[in-house]
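Engineer: pasting a predicted model and its sequence here:
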Amino acid sequence: MAEIAATSIEAGAGRARYRALARRKLVILIVMTAALCLSFAVDLAWGPARYSLGEVVSALLDPQSVSAQVRAVVWDIRMPVAVMAIVVGAALSVAGAQMQTILANPLASPFTLGISAAASFGAALAIVTSVPLLPVAASMLVPINAFIMALIATLFIHFISQMRGVTVQTVVLLGIALVFTFNALLAFLQYLASEQALSAVVFWTMGSLTKATWPKIWMTLAVLLIALPLFARNAWALTAIRLGEDKAASFGVNVRRIRLETMLIISLLAAVPVSFVGTIGFVGLVGPHIARMILGEDQRFFLPGSILSGALLLSLTSIVSKSIIPGVVFPIGIITALVGVPFFFSLILSNRSRSW
Amino acid sequence: MVALQLQSVGAYHGRKLFVEDVTTPTIRSGEVVAVIGPNAAGKSTLFKRITGLLKGPGDVVVEGSKAKNAISYMPQDTSANAVLTVYESILLARKQGQSWAVSDQDLRFIDEIMKALNITSIAFRDLGALSGGQRQLVSIAQALVREPEIMLMDEPTSALDLHRQVEVLDFMRRQARTKGMIVLIAIHDLNQALRFADKVLIIENGRMRACGNPREVVTVEMLRDVYKIHARIEKCSMDHDHVIVDGTAH
């Protein structure tokens, strides 16, 4: 057979081409990083208060050289929102990427599997009834309740997906059932809520980066920084799982252990940002799909790609949310759905061969 | 020199003992064993038990092994549609449990295996764009690239055309001989089994019916009892035994 093969390719051509493709992917990651930096800068410079680019740059590099008002707007208002957009986008996108990987399902994301809906219900429970799911300070009641419900939903999905005979389709249907269940419970709470509580719940469920504070940013970042090395360590194994459970196991991957470990980390990654900023849909779904289409599913590229695409997506959306009506900042959850869905459609239809 | 012996081996599927009491003679380096039997007889289950993916009673005794990945299993299902190129999917099999860095030695080895299996022309095609036969060849490459001493192949040629079947089985036999590998192949084509195997292991209803020299175990009686067919066994022009099926036995 080797004799037949000798004519088809020169020795080493495969090696050289693989190296070239890997370099190309690295360049794509670098370009994405540059685009993210640019988007972050624009996000800082853009806003209802019209400052010149020079003023914003001065406020960043030498805060004392600008007026207290400019300093306050750039550092205390815009900076937390711009940073939160990046951190939350990255966390939700990575959570979606790994959900899609271990559940072998292109529709898996914190939003579509009911985790966001669960968080919304948890938050509404805190806002409307002030019932704590854990004994915590009043200021943390909403995020902690949202977090606990999101965690319960994630673990529920995980344990059901581990049951014998449960197919991938069953898990997705289960997620949809969770979305409906928690939405119904949320509607029930909204019906009972006072006018003031109702408007608070509605605002929360829309998802808004204006809730960003530095402690929330640090906590979300901390979860991300804990999760990424663990995912990175399992990069080869996670990629193998996409070839099917039997195939991965035949490569020596302990599929059960990797799934459990990954799902636990995902539950934190999905629940923490949602509990802080509310429901932000589609980033967890679209972010990984963009990364997959341009970088493939080798986790060594797919993982950083998902981080960057999610962060970039939410950072750009943050800019859009400030640009629609001058002086008005729309809740970002509305914009991600409005911008994300058509964008997603066009990507899938224009690049079908590289999609799931 | 590696040796494999199964001693009263059984395998659980859930709580049910699906395969039981399989005891083989010692299988030595360089030998090719065809594992035959009707559908759902327990061939794949036995392979998963040998690999350690399923639990069960008895012992899988491997002697003289030096490799880290002594046993490599090629599952039947090759339908995955991950967004990976063929090359990446083979690299992935080799790098499990290792660092992110990919050495020239890794890539050289992959190039060699792909060349030997004549799949270099599809090296940078996405897995989703492959035919069933190409997927099987890629799957074989994924198993081989792990440099196993014992290779378990679950119906590796079921989607291949006749020419490719002969090529692949011949290639595997040469791999066994030259690298001292033990190759177990679950296969439905009895004539290919008779042609390429040194031993034949027959599984029926989760139990081993026989294991030994193909001429001694593939008999007209076995074909009638296990496969429920009337058949003759005759020599072909190359002096290989051949099963000629006359009809089903009711």
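Structural biologist: Sure, I can see it. Since the model is a prediction, treat every value here as computed from it, not as a measurement. Numbers count the residues shown, from 1 in each chain, chains lettered A, B, ... in the order given.

Engineer: C-alpha from now on. contacts and neighbour counts both.
Structural biologist: Fine.

Engineer: next SSE downstream of whichever strand or helix holds residue A:184?
Structural biologist: When secondary structure is defined using DSSP states H and E, the element that contains residue A:184 is helix A:168-192. Scanning the chain past helix A:168-192 towards its C-terminal end, the next helix or strand to appear is helix A:195-206 (assignment: DSSP H and E).

Engineer: what lies in contact with that following helix?
Structural biologist: A:120, A:123-124, A:127-128, A:190, A:277-280, A:331-334 (Cα atoms under 8 Å, 6 or more residues apart in numbering or on different chains).

Engineer: low-confidence regions, the chain specifically.
Structural biologist: With no chain named, the answer covers chain A. In the predicted model, chain A carries pLDDT under 70 at residues A:1-11, A:137, A:347-348, A:350-356.

Engineer: wait, chain B was what I had in mind.
Structural biologist: Regions of chain B meeting the criterion pLDDT under 70 cover residues B:250.

Engineer: apart from its chain neighbours, what residue comes closest to residue B:31?
Structural biologist: Excluding its sequence neighbours, the residue lying closest to residue B:31 (Cα to Cα, 6 or more residues apart in numbering or on different chains) is residue B:182, at 5.3 Å.

Engineer: before we move on, the earlier item: do the helix holding residue A:184 and chain B meet?
Structural biologist: No: residues of helix A:168-192 contacting chain B under Cα under 8 Å from any Cα of the partner chain: none, with a closest distance of 13.5 Å.

Engineer: so who does residue 44 touch?
Structural biologist: In the absence of a named chain, this looks at chain A. Neighbouring residues of residue A:44 by Cα under 8 Å, 6+ apart: A:56, A:74, A:78-79, A:82.

Engineer: let me rephrase: I mean chain B.
Structural biologist: Contacts for residue B:44 (Cα under 8 Å, 6+ apart) come out as B:75, B:154, B:186.

Engineer: ok, and the most crowded of the residues you listed?
Structural biologist: Going through those with other Cα atoms under 10 Å in any protein chain shown as the criterion, the one with the most neighbours is residue B:186, at 26 neighbours.

Engineer: quick check: phi and psi on it?
Structural biologist: When quoted as degrees, to the nearest 10, the phi and psi of residue B:186 stand at phi -80, psi 130.

Engineer: now swap in residue B:22 and tell me
Structural biologist: Main-chain torsions, residue B:22, degrees, to the nearest 10: phi -100, psi 120.

Engineer: and it, how close does it get to chain A?
Structural biologist: With distances defined as Cα to the nearest Cα, to the nearest Å, the gap from residue B:22 to chain A amounts to 22 Å.

Engineer: run a quick neighbour tally on that residue.
Structural biologist: 24.

Engineer: can I assume it is in contact with residue B:9?
Structural biologist: Yes: under the criterion of Cα atoms under 8 Å, residue B:22 makes contact with residue B:9 at 4.8 Å.

Engineer: dump the residue contacts of residue A:117.
Structural biologist: Counted by Cα under 8 Å, 6+ apart, residue A:117 has contacts A:111, A:150, A:178-179, A:182-183, A:279.

Engineer: chain B: which of those is nearest?
Structural biologist: Taking Cα to the nearest Cα as the measure, chain B lies nearest residue A:111 of the contacts of residue A:117, at 22.6 Å.

Engineer: does that closest one touch residue A:278 like I think?
Structural biologist: No: contact status for residue A:111 versus residue A:278: not in contact, 11.1 Å apart, counting by Cα under 8 Å.

Engineer: what parts of chain B come near chain A?
Structural biologist: Applying Cα under 8 Å from any Cα, we find that chain B lies next to chain A at B:51, B:53, B:72-75, B:77, B:80-84, B:87-88, B:92-93, B:95-97, B:100, B:104, B:107-108, B:111, B:115-121, B:123, B:126, B:143, B:167, B:171.

Engineer: need the buried ones from these selected in ChimeraX.
Structural biologist: Isolation of the buried members of the residues of chain B next to chain A (16 or more other Cα atoms under 10 Å in any protein chain shown) is achieved in ChimeraX through the command below:
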select /B:51,53,72,73,74,75,77,80,81,82,83,84,87,88,92,93,95,96,97,107,108,111,115,116,117,118,119,120,123,126,143,167,171
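
Engineer: next step: the residues of chain B next to chain A restricted to strands.
Structural biologist: In strands, judged by DSSP state E, the following of the residues of chain B next to chain A are found: B:72-74.

Engineer: what residue lies at the spatial centre of the chain?
Structural biologist: Picked chain A for this. Closest residue to the average C-alpha location of chain A: residue A:92 at 1.5 Å, with Cα atoms, centre = their mean.

Engineer: not quite, I wanted chain B
Structural biologist: residue B:153 (2.0 Å).
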